[in-house]
Structure formats: structure tokens, C-alpha cells
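Participant: Would you be able to build a 3D model of this:
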Amino acid sequence: MNTMKSINARVRALLEAQEQTYPGSRHRAERVAVYAVATGERLRMNVDQLLPLRLAAELRGIASVDDDLFGMTAKDDQSLSIIRLAAEFDSRRSGFQGHPQLSDAECEDWLISSATKEFDQSIVEAMLAVQKVIQPIGT
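Facilitator: From the prediction side, this is the model:
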């Protein structure tokens, strides 16, 4: 477990350094991680899957997610898809990266109409449940 504490401390340091150069990036990473972990919980992922999911989601904004990041492999498409969907969802909900900021109803419509074309139905359904209970962070 000390290894995970060390990794967590390094991720925190990287996020803080990134924040100095790109204000708001740490909060973005934290939002994506919250959405990803909440979605993973809805999908009944276990704690051994959720911690790496959180760390990978936080690091997504710093560097591209490597297929072997924190033991995730290319076979673990579910975790990588959750992170991608959480990032896309946050971009729309927060207005990040030039996306217009969408209302809760518009986010739900986007999940139903567009996300289902790219992501597994179970992941989209879990995110739909999550988006109904998590207020946009920072509001």
C-alpha cells in the first residue's frame, strides 16, 4: 500500500505543477476522476480497479493514457472507455476545451443521443445515473 501512497503523492505533485502552467487543469483532472470513479462504482468495479481508474483519470490531462498505466492493459477497455467518457462528459458539462457549457438536461440528451454511438451501453447508463446525482463541481 505504501507504493500506492507514493504514486498518489506523485500524481498530486504532477497535478499541482500542471496547475501552475495551466490554471484550472487540476480541477478538471479531479472532476474527470470523480465522474470516472462514480461510473466505475455504478458498474460494480472493485476497489482494486477503482484506485488505478482514479489515478489514470487524473493523469489523463497531463499525458496520454498509456495502455499499461497502473496495470491497465489493452484488454481493459472498460476502464479506458470510462475515462474517455468522463472526460468528454466533463468537457460538455464545464465548457472545457471550447465546448459550450451544457445544462444537466442537455448533458443527458448528449449521453443518450451521441455517447451511445461510441461507448458501451452499460457505461453510458452508469454515467447517466451519475450525472443525475453529481452536481457540476465548482457550482
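
Participant: In contact with residue 95: list those residues for me.
Facilitator: 101, 102 (C-beta atoms under 8 Å, 6 or more residues apart in numbering). Where you see a C-beta, it was placed from the backbone N, CA and C, and this is true even at glycine.

Participant: Give me the phi and psi for it.
Facilitator: Reported as degrees, to the nearest 10, the phi and psi values for residue 95 are phi 80, psi 30.

Participant: roughly how far is stretch 16-33 from the heart of the chain?
Facilitator: Chain-centre distance of stretch 16-33: 13 Å, with C-alpha atoms, centre = their mean, to the nearest Å.

Participant: per-residue confidence averaged over that stretch?
Facilitator: Averaged over stretch 16-33, pLDDT sits at 86.

Participant: Same question for stretch 79-90.
Facilitator: 90.

Participant: again, but for stretch 37-47
Facilitator: Mean predicted confidence for stretch 37-47 is 95.

Participant: Kindly check the end-to-end length of that stretch for me.
Facilitator: One end of stretch 37-47 to the other measures 10 Å (C-alpha to C-alpha, to the nearest Å).

Participant: Now that stretch: buried residues?
Facilitator: 37, 38, 39, 40, 41, 42, 43, 45 (16 or more other C-beta atoms under 10 Å).
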